[in-house]
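Participant: got a structure for you, letters missing:
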């Protein structure tokens, strides 16, 4: 009988400890959810405020010296995927209309067999944009890196950033924080890819949190590098 009583007391003690642990975990999980929600709201609010009054369509965009065209997926055969092709078409229109004079093509070329900037240049040159009016940034691994490198490496001080409309406010906010007087032109034609558009739009909330964290920490881009004169040279020609 004493053995049963001892086991019962031990079980009750273990049970109480498990309940207390579960309660603590629930409190921590609730706090994490609240903090994440607050960070998401704060990030999205900052992005919207920074981009307010600076988003245009191609026809109404003000003139700036440079279009910063942000890279995204390139197909295995080296052609721009639809989202990227839509961005490039806007850049082509801006250049053809004299709204910009140089196109800074910023994308991912971390691996030798995946090259967004060169694919972007080929697409534009094939459609009449002079190669000497395109400048390649091979280390635009994310939006923050592209904006900071445009300012610190390529010396851009005023620009039109080009991307999809769901991404545009964040791109404008990050470029402005980097020191660039920025307006933005966004693509809506890729909405026809409804599933991908919805997924990307939802992910943008998390991306705003990351953007705010990058700004608060002031991190350097993955690859910063020395000052390059490609944009200056293209503007002079």
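Facilitator: Good, I have the coordinates. Everything numeric in this text was worked out from a predicted model, so none of it was measured. Numbers count the residues shown, from 1 in each chain.
Participant: The residue nearest to residue 57 when sequence neighbours are not counted: which element?
Facilitator: In this structure, residue 57 finds its nearest non-sequential neighbour in residue 185, 6.5 Å apart by Cβ to Cβ, 6 or more residues apart in numbering. For the C-beta atoms, the positions are set from N, CA and C on the backbone; glycine is no exception. Using DSSP states H and E, residue 185 falls within strand 181-187.
Participant: The residue nearest to residue 57 is in contact with residue 159, isn't it?
Facilitator: No. Contact criterion Cβ atoms under 8 Å: residue 185 and residue 159 do not qualify, at 10.9 Å.
Participant: follow-up on the earlier one: and the strand holding residue 185, which strands flank it?
Facilitator: Strand pairing for strand 181-187, using DSSP bridges, gives strand 55-56 (parallel), strand 158-164 (parallel).
Participant: Quick check: what element follows the longest one along the chain?
Facilitator: As assigned by DSSP H and E, the chain's next helix or strand after strand 158-164 is helix 168-178.
Participant: Report the rounded mean pLDDT for that next one.
Facilitator: On average, the pLDDT along helix 168-178 is 97.
Participant: One more: stretch 134-144?
Facilitator: 97.
Participant: re earlier: how about the strands paired with strand 181-187 in TSV, adding distance to residue 215 and mean neighbour count?
Facilitator: Shown next, in TSV, are the strands paired with strand 181-187 (distance: least, Cβ to Cβ, whole Å; neighbours: other Cβ atoms under 10 Å):
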stretch	distance to residue 215	mean neighbour count
strand 55-56	19	16
strand 158-164	16	26
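Participant: and of those strands, who's closest to residue 105?
Facilitator: The closest of these to residue 105 is strand 158-164. By Cβ to Cβ, the value is 9.9 Å.
Participant: And the contacts of that closest one?
Facilitator: 61-62, 64-70, 72, 83, 86-87, 90-91, 94, 99-100, 104, 143, 147, 150, 168, 171-172, 175, 180-188, 190, 197, 200 (Cβ atoms under 8 Å, 6 or more residues apart in numbering).
Participant: Show the buried residues in these.
Facilitator: Neighbour counting by 16 or more other Cβ atoms under 10 Å classes 61, 64-70, 72, 83, 86-87, 90-91, 94, 99-100, 104, 143, 147, 150, 168, 171-172, 175, 180, 182-187, 190, 197, 200 among the contacts of strand 158-164 as buried.
Participant: returning to what we had before: wait, which of the strands paired with strand 181-187 is closest to residue 16?
Facilitator: Closest among the strands paired with strand 181-187, using Cβ to Cβ: strand 158-164, at 53.9 Å.
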